[in-house]
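1. structure for the following, please:
(chains A, B, C and D)
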Protein chains: 2
Amino acid sequence: MMDAKSPMDAKSPMRSSRTSIAAAPELTAGRSVTITDVASAAGVSPMTVSRVLNDRGGASAETRARVLEVAGALNYRPNSFAKNLRVDRSKVVGIVVPDIANPFFPEIIRGAELAARPAGYTLLTCNVVEDPEREEEVIGTLLERRVDGVILCSARLEEKRLLRAIEGHRAVVLINRVLPRRIAGTIEIDYAAAVEALVEKLIAQGRRRFAFASGLSTSYGGQKRRSGLDRALARHGLGLVTEVSSSPDLAGGSAVGRALLAHRGAIDALVCYNDLIAIGAMSVMKGEGIAVPEEIAVTGCDDIPVAAFVSPALTTLRVAKQDLGELAMRMLLDRIDGRNTQHGILIEPDLMARGTTDFP
Amino acid sequence: MMDAKSPMDAKSPMRSSRTSIAAAPELTAGRSVTITDVASAAGVSPMTVSRVLNDRGGASAETRARVLEVAGALNYRPNSFAKNLRVDRSKVVGIVVPDIANPFFPEIIRGAELAARPAGYTLLTCNVVEDPEREEEVIGTLLERRVDGVILCSARLEEKRLLRAIEGHRAVVLINRVLPRRIAGTIEIDYAAAVEALVEKLIAQGRRRFAFASGLSTSYGGQKRRSGLDRALARHGLGLVTEVSSSPDLAGGSAVGRALLAHRGAIDALVCYNDLIAIGAMSVMKGEGIAVPEEIAVTGCDDIPVAAFVSPALTTLRVAKQDLGELAMRMLLDRIDGRNTQHGILIEPDLMARGTTDFP
DNA sequence: TGATTTAACGATAGCGTTATCGTTCCTTAT
DNA sequence: ATAAGGAACGATAACGCTATCGTTAAATCA
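-> Numbering: from 1, shown residues only, chains lettered A, B, ... in the order given. Reported below is the predicted structural model:
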């Protein structure tokens, strides 16, 4: 209740400095104001103050008003440690992302935050810079901090270690990773089907010689993209000309572009793990005079904001990132409250046909 | 000590499941393991366990080893609420950014994290989506959460409210905003000088008719960029053709681009508040057949990763974002420890001359 | 009227830690 | 041998909060 937004703020002119019950304006220096301070200033017991501030009832209108006024005048802030220790709830949830500098994740975070706030939860964002060790450590730290639950995005941790790491957490939701319903809620993006459909369209327009920029080999999502790609190619009796793995960022994309120079003429379509790789690769290719999409079609994945702003604009698979974040958070909150009804949700990306492919 | 990385991990094979002192493998379900559990299992007092786990000395080698082993076997995790309540320190610092989806900030966050971790601090990232109300509220929430300090990036809050909001916080560092040394450490980016130098170069190459995309009018950094621009123009007897304000993102940039269409022919250089606006505006201009840089030169600010990957590559003012984050964090940690030696640090951006201007 | 309920509080205890001081017991110096 | 010192612990209390139960007084009912 008190955590995200004090009821005081809602119901009483706390911040107005017109109040003058207790004149203690600038004692902020030393110890901070406790509930007991408020209680004695208002002439009631700490328990009454607690009741008022938490809207638990059991206080007369006059008492209530007086307490709120005093609390405001003293600029009282509940100590969340004491409260959380007592109630064994933190009203904090963690979200762990592989790389916050990848524009895919901030939007998920924003969505998660959007769903968390009205429920009174604070979101603790943790960046693990694509490092499994760090991931394991961070999940442990979150446990020490007694978060009420965790959302794990694209966890890279190997299954046994992942299980050990999340053991002890009250609630867990995974994005792009699966675990039994009892252990964690899971949300998957249907990359396989989406990439399959995308490749079908490329084949329909005459593309035959495909390269795949696969991102990190440890990525679960990368394997799913690959399987969709393979299915489409197989259906038409085609094989992959080459696969290049790289880090899933712009620098990785540059590396892919340079690697592909050796295959110039041998490929006419490049399917990328994500938009960053696509943009990085395209940049190198354009520098070498390779015409996109005439000579090589390029596709990304995610539809990060800048994808529509490069030129030619990038054809990609849009994932509703903010919705995804909201969905994950709602699922987590449900699990925190003991409801784990939803589980294996599958999200379908939308094909955003833009300039880097010449779809009709 | 215990917070970020337990000394147990460092000194003893805690996680090895070969230990068999107390056989309590899967009791994770109910209550979590407390220091008292460890104490009784190891046959010592809780105080002794606490001493061992915090490396305070006062324990024999045998006792120490036994305690560590038991703690490992029980998978003990200290309860940070209890600890923080007792010691009145959280080992958490907050960082407040206006928009986490703006690629400028994730890198600052990463830098801050880099400096925070070795010191045993966890970073709590808060996104305020360019909303002053939300900013005020978030700073208050951080106070309730008893963070040890806060870094505020580009605070949009009006001065009086800002002061009131940060009152009570143990330590505060501002990026791109100034307040007296006693109140907060400040780090400024010298946009005025950098933009001035940039505009001088544009003038030197013959540009005369300048437009300025100023971002949000409330931005302190925007005013500084403007003053640098004005100084350079004034020196050459030039005036600004037009100023367009917008949100500091890609959509804002598009709006700027569309607004500028009315001035086609009347401007030959567009100086933008940041790279996102520049990229958004360029995209519209290219769609309208305006040649960059031949007809209009475009410059950004920040040097976000994608700036070098659009085409033509964007000329911009590089800010060492990660260093900035590290610097801010170190300044904050100093303040938390009562040292506020550094204060008004000024960072100089570097001019990254690229394709959107035709500098020699 | 007397019995019973209800509202409005207060007193107490305890959440899991650690600071502080006290108690042993073993050295070492005198 | 005795005193003084230190090392290795244990007992206690407190951090700020709230769950729980107890108390009082007013309101309601038979």
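2. for A:Arg339, give its distance to B:Thr316.
-> 49 Å (CB to CB, to the nearest Å). (C-beta placed from N, C-alpha, C; glycine too.)
3. tell me the contacts of A:Ala255?
-> A:244, A:246-247, A:280 (CB atoms under 8 Å, 6 or more residues apart in numbering or on different chains).
4. do that again at 10 Å, thanks
-> A:213, A:244-247, A:249, A:277, A:280-281, A:284 (CB atoms under 10 Å, 6 or more residues apart in numbering or on different chains).
5. now do A:Glu130, the pLDDT please.
-> The model reports A:Glu130 with a pLDDT of 86.
6. need the three-state assignment for it.
-> Classification of A:Glu130 using DSSP: H, G, I helix; E, B strand; the rest coil returns coil.
7. which residue sits closest to it, ignoring its sequence neighbours?
-> Nearest residue to A:Glu130 in three dimensions, chain neighbours excluded: A:Pro98, at 4.9 Å (CB to CB, 6 or more residues apart in numbering or on different chains).
8. A:Leu162 now?
-> A:Ala155 (5.8 Å).
9. touching, the one you found and A:Pro98? I think so.
-> Yes: using CB atoms under 10 Å, A:Ala155 is in contact with A:Pro98, at 8.3 Å.
10. what touches both of the two?
-> Residues within reach of A:Ala155 and of A:Pro98 at once, by CB under 10 Å, 6+ apart, are A:128, A:132, A:135.
11. circling back to that earlier point, now the residue nearest to A:Leu162: which helix or strand?
-> Using DSSP states H and E, A:Ala155 sits in no helix or strand.
12. from A:Gln322, how far off is it?
-> 21 Å.
13. please apply the same query to A:Ile277.
-> For A:Ile277, the distance to A:Gln322 equals 22 Å [CB to CB].
14. in terms of neighbours, single out the busier of the two.
-> Per other CB atoms under 10 Å in any protein chain shown, whichever of A:Ile277 and A:Gln322 has more neighbours is A:Ile277, with 31 against 19.
15. show me what contacts the nearest residue to that one once chain neighbours are set aside?
-> In space, not counting the residues next to it along the chain, A:Ile277 is nearest to A:Gly253; the distance is 4.0 Å by CB to CB, 6+ apart. Listed by CB under 10 Å, 6+ apart, the contact partners of A:Gly253 are A:213, A:215, A:246-247, A:272-284, A:300, B:309.
16. give me the phi and psi for A:Gly253.
-> Backbone geometry at A:Gly253, expressed as degrees, to the nearest 10, gives phi -60, psi -40.
17. which pLDDT value belongs to it?
-> Note for A:Gly253: predicted pLDDT of 98.
18. all strands of the stretch 51-200 of chain A, in order?
-> Using DSSP state E, counting those that start in this stretch, the strands of the stretch 51-200 of chain A run over residues A:92-97, A:122-127, A:149-153, A:172-175, A:185-189.
19. minimum distance to B:Ser80: which of the ones you listed has it?
-> Comparing those against B:Ser80 with CB to CB, the closest turns out to be strand A:92-97 (10.8 Å).
20. which residue of chain A sits farthest from its center?
-> Residue farthest from the centre of chain A, counting by CA atoms, centre = their mean, is A:Gly43 at 46.6 Å.
21. mind listing what that one touches?
-> Counting by CB under 10 Å, 6+ apart, A:Gly43 makes contact with A:63, A:66-67, A:70.
22. tell me how many other residues crowd the closest residue to chain B within the stretch 151-300 of chain A.
-> Distances between the stretch 151-300 of chain A and chain B by CB to the nearest CB are smallest at A:Ser283, namely 4.5 Å. Neighbours of A:Ser283 under the rule other CB under 10 Å: 20.
23. any idea which element it lies in?
-> Taking DSSP H and E as the criterion, A:Ser283 maps to helix A:275-287.
24. mean confidence for that helix?
-> 97.
25. how about A:Leu333, what does it touch?
-> Taking CB under 10 Å, 6+ apart, one finds A:93, A:115-116, A:119-121, A:148-149, A:171, A:173, A:339 in contact with A:Leu333.
26. mind telling me what element it is part of?
-> Following DSSP H and E, one finds A:Leu333 within helix A:321-336.
27. which of the residues in that helix are buried?
-> Using 16 or more other CB atoms under 10 Å in any protein chain shown as the burial criterion, the residues of helix A:321-336 that qualify are A:321-322, A:324-336.
28. alpha carbons of that helix, as CSV, please.
-> Taking Å, rounded to 0.1, in the frame of the first residue of the first chain, the C-alpha atoms of helix A:321-336 are listed here in CSV:
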residue,chain,number,x,y,z
LYS,A,321,7.8,-5.3,-26.9
GLN,A,322,5.9,-3.1,-24.6
ASP,A,323,2.9,-5.5,-24.6
LEU,A,324,5.3,-8.3,-24.0
GLY,A,325,6.7,-6.6,-20.9
GLU,A,326,3.2,-5.9,-19.6
LEU,A,327,2.2,-9.4,-20.2
ALA,A,328,5.2,-10.8,-18.4
MET,A,329,4.7,-8.5,-15.4
ARG,A,330,1.0,-9.5,-15.1
MET,A,331,1.9,-13.1,-15.2
LEU,A,332,4.5,-12.5,-12.5
LEU,A,333,2.2,-10.7,-10.3
ASP,A,334,-0.3,-13.5,-10.7
ARG,A,335,2.3,-16.0,-9.6
ILE,A,336,3.3,-13.8,-6.7
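29. how does chain A divide into domains?
-> A:7-85, A:90-189+A:321-349, A:191-318 (automatic domain parsing).
30. adding distance to DNA strand D, write those out as JSON lines.
-> Shown next, in JSON lines, are the domains of chain A (distance: least, CB to the nearest atom of the strand, whole Å):
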{"stretch": "domain A:7-85", "distance to DNA strand D": "3"}
{"stretch": "domain A:90-189+A:321-349", "distance to DNA strand D": "11"}
{"stretch": "domain A:191-318", "distance to DNA strand D": "41"}
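31. B:Ala259 is nearest to which of those domains?
-> Once those are compared by CB to CB, domain A:191-318 is nearest, at 16.9 Å.
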